[in-house]
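Visitor: coords below, sequence missing:
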C-alpha cells in the first residue's frame, strides 16, 4: 500500500525522492517507474498482478509428439505391454518420425501427468531401499518358478525360466500340474535353445527342492547329474527369486489383457501359443529398465555365456539318522548333556494311534499341486511315515501293546510302507502294526 500511495502521488506531480522511497519499500526504481507508467495508462487496474509466462515457447514439445505419446501409450496398454514413460520414450526413439526430436523421459512423464494418465502412488517402496544382486554373466544361473493360470478347462500351471543376468525368458511352458518331471522337461527345453546354465535358483517348492525336508527330489538330482548346481532362497523370502517373480507379474498382466480381447484359452496348446508370443516380444522388443533399457536378447548376446560343470556334481549325503531317545517315567529326555522335559504323559502307554499320512517319496512324485505338497510336508502339515517312526522311537515303549497307523493317504502312502516305518522303530514284525482304514477305522483292542 505504501508503494501504491507513492506511485499515485508521483503521477499527480508531487515532488519526492524516488530512490529513498524505493529503498524504504524494498523495490527497485525500475519497478517503481513500471507501476507509475501502468497507473498513468490504466489507473488502479495497473497495480493488478500480471502473468510472467513467456509469450512464446520455442522449445515446447509439438502437438504432434504429444499426440504420438498418448496414442502409443494407449496402444501398448491395449496390448497388455508396459506403457510407462521410460518404455514410451524408448519406442519413440525408434520411430523415424521423431529421430531428431525425441523427448526425454521426464518430458514424456509430464505429458502423461498433464493428460491424466499418471496417478500418485506415495505408498510405493522407494528404490533406494532395494538390495540388488545380479549374475555376472549370461547362464551363470537361471531362476525358475511356477504360477497358476485359468483356461477354459480350469486351473493349469505355467513354468517360467529366466536368466538372472540378462532377464532373458528362456522358457515359459503350460502344464497341467507343477511336478518335478514337468519342471525338468521345461528346463531341458530351455537348455536345448540357450545351453546349460551353471546353476538354477528356485524357491523351496517340492517340485524344485527337498532340501528343507531332508531329501533330494528328482529335479535336483537331474540337475546335479547334468553338472548344474541347484540352490534355493530361504523360506518365506520370495525376494531372492524376485526377477522371475517380477517377470510373472508382467506376464500375468499381458495374459489378462489377451483374455479380455480374445477370451480364455481353450486348451494348453492355445495358452502355449500365447506364452510363446509374449516371450518373443519380451526378449526382442521390450526395453528392460533393470538392464539399462536394453532388450534381454541384446544383453544376453553382449557377453560370453557361462556353462555347466563338465562332470556331474556330487549328490548330498542323507541326513544323519535320527537318534533314538527314551522318555523316563518322570517325562524327561536326555540328549547328550541336555535334559528336556517332554511330559510324564509320554512316559509309557499301552496303546498308541499315530498318524502316518504320507510317504515322502510318494508325495514328491505325486501329481498334487506344489502348494499342496508344501502344506502337507510343512511344519504344520501332516505327519509322514518317517516322522511317526521318529516320534515312536523317542517314547518309552515298555508297556506298549498296540500300535495303529492312521490317516493314511490313498494317493501318497500304502499300508506296507507305514507298517515298515513303524516296525523299524520298534524292532518288531511289520504284521504286528495295525492300520486304520479311512472308512471303517480299526477293530476294538483290549488294553490293560
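Guide: Yes, it's here. Since this is a predicted model, take the numbers as computed values, not measurements.

Visitor: CA atoms for contacts and neighbours, from now on please.
Guide: Fine.

Visitor: What are the contacting residues of stretch 289-304?
Guide: The contact list for stretch 289-304 (C-alpha atoms under 8 Å, 6 or more residues apart in numbering) reads 86, 90, 137-138, 165-169, 282-288.

Visitor: I meant stretch 250-268, not that one.
Guide: So stretch 250-268 is contacted by 78-82, 150-153, 174-175, 271, 274, 278 (C-alpha under 8 Å, 6+ apart).

Visitor: re the thing from before, may I see the ChimeraX selection of the buried members of the contacts of stretch 289-304?
Guide: Burial among these is assessed by 16 or more other C-alpha atoms under 10 Å; the matching ChimeraX selection reads:
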select :86,90,137,138,165,166,167,168,169,282,283,286,287,288
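
Visitor: Distance check, residue 397 against residue 425.
Guide: 10 Å (C-alpha to C-alpha, to the nearest Å).

Visitor: Equivalent analysis for residue 155, please.
Guide: 41 Å.

Visitor: which of those two has more neighbours?
Guide: Per other C-alpha atoms under 10 Å, whichever of residue 155 and residue 425 has more neighbours is residue 425, with 17 against 12.

Visitor: Now that one: which helix or strand?
Guide: Taking DSSP states H and E as the definition, residue 425 sits inside helix 415-426.

Visitor: list the contacts for the residue nearest to residue 163 when sequence neighbours are not counted?
Guide: Nearest non-adjacent residue to residue 163, counting by C-alpha to C-alpha, 6 or more residues apart in numbering: residue 142, 4.5 Å away. Residues near residue 142 by C-alpha under 8 Å, 6+ apart: 161, 162, 163, 164, 197, 199, 200, 201.

Visitor: try 10 Å
Guide: When contacts are counted by C-alpha atoms under 10 Å, 6 or more residues apart in numbering, residue 142 touches 135, 161-170, 187, 196-202, 230, 241, 243-244.

Visitor: Among the residues you listed, which ones are in helices?
Guide: Counting by DSSP state H, those place 187, 243, 244 in helices.

Visitor: ok, the last one to residue 78 distance?
Guide: Right, residue 244. Residue 244 sits 24 Å away from residue 78, going by C-alpha to C-alpha.

Visitor: The two - which one has more neighbours?
Guide: residue 244 (26 against 15).

Visitor: Please tell me how far that one sits from residue 72.
Guide: Distance from residue 244 to residue 72, by C-alpha to C-alpha: 27 Å.

Visitor: And the closest residue to residue 313 other than its chain neighbours, which helix or strand is it part of?
Guide: Nearest residue to residue 313 in three dimensions, chain neighbours excluded: residue 224, at 4.8 Å (C-alpha to C-alpha, 6+ apart). Counting by DSSP H and E, the element that carries residue 224 is helix 218-225.

Visitor: how about the strands in the stretch 151-300 of the chain?
Guide: Under the criterion DSSP state E, counting those that start in this stretch, strands of the stretch 151-300 of the chain are mapped to 154-163, 169-175, 199-202, 229-232.

Visitor: Same list, those strands, but as a markdown table with distance to residue 409 and mean pLDDT please.
Guide: What follows is those, written out as a markdown table (distance: least, C-alpha to C-alpha, whole Å; pLDDT from 0 to 100):
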| stretch | distance to residue 409 | mean pLDDT |
| --- | --- | --- |
| strand 154-163 | 23 | 95 |
| strand 169-175 | 25 | 96 |
| strand 199-202 | 28 | 96 |
| strand 229-232 | 28 | 95 |
